[in-house]
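J.: Build the 3D model from these lines:
(one chain, ligands or ions: 1)
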Amino acid sequence: MESPASDLEKLNLRKITVKSALHYHVNEMPCNWDVNVYRGCGHGCRYCFAQYSHDYLGAGNFFREIYAKVNVAVLLDRELSRRRWRHARINLSGVTDAYQPAEAEMKIMPEVWKVLIRHRNPVVITTKSSLILRDIELIRELAAVTSVYVGASITIMDEALRKIVEPGAAPAEERFMLLERCREAGCTANVMLTPVLPLINDDKINLEAIYKRAAMAQVAGLSAWPLNLKGSTKQKFLTFLDAEFPHLVVSYRELYRGSEISQPYWNTIRALKAELQQKYRIPAIQVPGTGSAEEAVQLTLF
Ligand code: SF4
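T.: The predicted structure is shown next:
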């Protein structure tokens, strides 16, 4: 079983240069363009769907072998300067978390924010780290000229459980606080209650505590989606369950015949979500500005 790095010293951090910063994805939410500053992620969430990307590249342990794209800001500046770029919203967290532990040392994100400010380009970013607050003045500057959506993925209020499932990420309360600071800086703040892990974080006490705290933080939206066990993530997650929650393995095999959760189970969570949404008056997340077919054409012009 791949074990996550719990501190920066355990990371094998490598600097790489890449050929392009922007990547286009058809029908991708919340937007079609993304910029990924890192490959691999030291947050070590045991359900991480992005692990497949390392497998694909043969890049080693996703949680420890971290590749930092040191030229990404320079390339982004060049790409956003193209005459045909239409200022489509860019997702800064399409695959991995830009504010993972390696960013404390690499400091790539301040340069990315400066480029976005220069081009007044709208963005969406999701993180599990309050390290984003290091760059709050740059984020405030961008939010003053265009729309900035900051999301925090918040899944588990209980700290002991959170440390088992998301060992390298910040406690839930820290994530709510970063959302409050980003909202005060002019960003639209959202909570991603994702993933909902059957029989682990799906109890009403946990879900309601997240909705309640999100309402206190005055977030604009909250959405919840189930765990997806695509590709190699399934076997990795089952191995993790076997080690930490062995009594749940049989139930997961029944709930996940393929990569997606069984619909009858998810319908019960949907009903609970609707009840909490109404009680705490928090709408589902909406991010306008999803890319168009025209934007796809731009890529061919780069
Ligand atoms: S923060 Fe996101 S990318 Fe990083 S390990 Fe967790 S789920 Fe994966």
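
J.: now Ala104, nearest residue through space, not along the chain?
T.: Closest residue to Ala104 apart from its sequence neighbours, by CB to CB, 6 or more residues apart in numbering: Leu131 at 6.0 Å. C-beta coordinates here come from the backbone N, C-alpha and C atoms, glycine included.

J.: Local confidence estimate at the closest residue to Val70 other than its chain neighbours?
T.: Spatial nearest neighbour of Val70, chain neighbours left out: Lys15 (4.8 Å); criterion: CB to CB, 6+ apart. Lys15 is assigned a predicted lDDT (pLDDT) of 96.

J.: Dump the helix or strand where Lys15 lies to CSV, restricted to CA.
T.: Lys15 belongs to strand 12-16 when elements are defined using DSSP states H and E. Taking Å, rounded to 0.1, in the frame of the first residue of the first chain, the C-alpha atoms of strand 12-16 are listed here in CSV:
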residue,chain,number,x,y,z
ASN,A,12,11.0,13.4,-3.0
LEU,A,13,10.6,16.8,-4.7
ARG,A,14,11.9,17.2,-8.2
LYS,A,15,11.9,20.3,-10.4
ILE,A,16,10.7,19.8,-14.0
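
J.: For that strand, enumerate the helices and strands it packs against.
T.: Identification of packing neighbours for strand 12-16 by 3 or more CB pairs under 8 Å, 6 or more residues apart in numbering; DSSP states H and E yields strand 65-69, helix 102-106.

J.: Show me what the helix or strand that it is followed by packs onto, helices and strands only.
T.: Remark: after strand 12-16, the chain's next helix or strand is strand 22-24, criterion DSSP H and E. Counting contacts by 3+ CB pairs under 8 Å, 6+ apart, strand 22-24 is packed against strand 33-35, helix 293-301.

J.: Tell me if the shortest one is near the ligand.
T.: Same thing as strand 33-35. No: using CB under 6 Å from any ligand atom, strand 33-35 stays clear of the ligand, with a minimum separation of 12.5 Å.

J.: Which elements pack onto the helix or strand that that strand is followed by?
T.: Sequence order places strand 38-39 as the next helix or strand after strand 33-35, per DSSP H and E. Packed against strand 38-39 by the contact rule (3+ CB pairs under 8 Å, 6+ apart) you find helix 51-57, strand 65-69.

J.: Those: lowest mean pLDDT?
T.: helix 51-57 (a mean of 69).

J.: for the stretch 101-250 of the chain, which spans come out with low pLDDT?
T.: Of all residues in the stretch 101-250 of the chain, none has pLDDT under 70.

J.: For the residue in it that the ligand sits nearest to, list the residues it contacts.
T.: Using CB to the nearest ligand atom, the closest approach of the stretch 101-250 of the chain to the ligand is made by Lys128 at 4.8 Å. Residues in contact with Lys128 (CB atoms under 8 Å, 6 or more residues apart in numbering) are 43, 45, 97, 99, 152-153, 166, 169-170, 175.

J.: now Lys212
T.: Tyr280.
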